[in-house]
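In: please work out how this folds:
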Amino acid sequence: MKIAFLACNRKPELFRSDPSYIYRCENLGLELSRLGHEVEFRHSSESLQGKQFDLVVFHRPKNTWRIWLLAKYFRLSGTKVLADFDDLIFDLNFAEFSPGFVNGLNILKKTKKTYLSHQQALSFFDGFTVSTEPLKAHLQSLFPNKAITVIPNAVHHQWLAEGIDFKAEPVDFARPVLSYLPGTRSHDQDFKLIATGLSQFLKLHPQVRLDITGPLSFQLGAELASQVSHHEKVAFATFHQRFQSTWVNLAPLEDTPFNRCKSALKVLEAAYWGKPTLCSPIPDVLRYRNAGAVLIETPDDICNKLTKLLEPNYYKEFVQNLRKEALKLSDIRQFAASFISLADSN
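Out: Numbering: from 1, shown residues only. So this is what the prediction gives:
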């Protein structure tokens with residue numbers, strides 16, 4: 001089968017370094033290639049004249065003449081065309097919950113324009129793939145008669161290869177490290193959610209350090225400055241190294257319609273490297289109750305559950321077989337089979 005994954009982002013030269021494209025398209029495509037399918041990774045701005053595929057996946061498409069023409073061209077040639085989304089960015093009624101707007105990075109008018117463009121593009125496609133069940137429910141409310149398949153995010157091919165002989169570094173409980181890895185600039189409000197409880201915990205346990213990797217403006221306060229270090233965002237190829245010295249990963253999310261549609265990506269990333277994640281109980285995270293997720297269900301859980309994980313024997317038991325349990329929920333080899341079934345269906 002010939003399959004193309006088309007990026008639709010604004011900067012063609014950067015699409016292969018976009019984490020969303022890496023997880024949603026590259027990861028799946030590499031597994032499909034391993035299975036013997038012909039796979040191409042392209043940007044929608046590239047010349048595709050004369051190209052023939054059995055299936056083309058458009059990643060986060062917008063309503064542009066170029067996308068419309070490509071979708072129409074491929075459909076007329078008998079190619080199935082799908083759109084893939086991993087965030088709630090296609091329903092205008094929920095634009096006000098966009099992290100870009102919530103965190104003051106975009107004005108609402110611009111955000112609504114972007115959402116509307118994604119929503120208008122939905123009619124171009126035969127069906128959709130999404131990363132979570134809540135995203136599927138939103139799409140079904142807009143297009144009840146179109147096929148929608150959940151292809152969850154999965155451990156990346158590169159990590160599967162590098163992790164074959166991996167042995168987790170023992171945690172130094174004399175100087176344990178909390179990690180927080182915001183991938184974009186739009187997580188200030190999410191981090192604020194745990195700031196009070198986290199500050200309390202750090203004050204009670206001055207031996208604990210907090211390592212932040214990526215953009216974050218929100219600060220815990222000058223009195224904790226000696227326990228906090230901030231690093232620049234790293235490329236995906238070296239991203240996993242940030243987990244090697246981690247004791248517990250942090251993944252707080254505000255309770256919003258946008259965040260309830262997000263995947264448990266931060267949980268599965270940490271779990272694959274044998275690390276637990278203190279996280280908000282969004283729907284996709286609940287799948288990882290026994291695979292690394294430490295749920296923040298009350299404000300007191302932040303300090304209480306982190307304190308419990310400082311006990312070495314309890315921690316050792318908690319992380320035992322974490323990688324195995326995470327792979328049961330996030331193995332790209334399983335998801336590729338589901339994708340091929342979708343491609344073969346009428």
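In: switch to C-alpha atoms for all contacts and neighbour counts from now on
Out: Will do.
In: against residue 246, how distant is the closest residue to residue 207 other than its chain neighbours?
Out: Nearest non-adjacent residue to residue 207, counting by Cα to Cα, 6 or more residues apart in numbering: residue 175, 5.2 Å away. Using Cα to Cα, to the nearest Å, residue 175 is found at 10 Å from residue 246.
In: the two: who's more crowded?
Out: residue 246 (26 against 13; other Cα atoms under 10 Å).
In: verify the contact between that one and residue 173 for me.
Out: No - between residue 246 and residue 173 there is no contact under Cα atoms under 8 Å: 10.8 Å.
In: state the number of residues packed around residue 324.
Out: Neighbour tally, residue 324, other Cα under 10 Å: 14.
In: which helix or strand contains it?
Out: Taking DSSP states H and E as the criterion, residue 324 maps to helix 322-329.
In: got the buried residues for that helix?
Out: Under the neighbour-count criterion of 16 or more other Cα atoms under 10 Å, helix 322-329 has 322-323, 325-327, 329 buried.
In: which residues touch it?
Out: 154-155, 268, 271-275, 287-288, 290-292 (Cα atoms under 8 Å, 6 or more residues apart in numbering).
In: right, and the pair among those with maximum separation?
Out: 273 and 287 (17.7 Å; Cα to Cα).
In: can you pick out the residue with more neighbours from those two?
Out: Counting neighbours by other Cα under 10 Å for residue 273 and for residue 287 shows that residue 273 has the greater number, 23 against 15.
In: quick check: the gap between the more buried one and residue 246.
Out: 9 Å.
In: how's this structure carved up into domains?
Out: 2-154+331-344, 159-329 (automatic domain parsing).
In: would you list the ones you listed in JSON lines and tack on mean pLDDT?
Out: Formatted as JSON lines, the domains of the chain follow (pLDDT from 0 to 100):
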{"stretch": "domain 2-154+331-344", "mean pLDDT": "94"}
{"stretch": "domain 159-329", "mean pLDDT": "90"}
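In: what is the burial count for residue 44?
Out: 20.
In: isn't it up against residue 6?
Out: Yes - checked against Cα under 8 Å, the pair residue 44 and residue 6 is within contact range at 5.4 Å.
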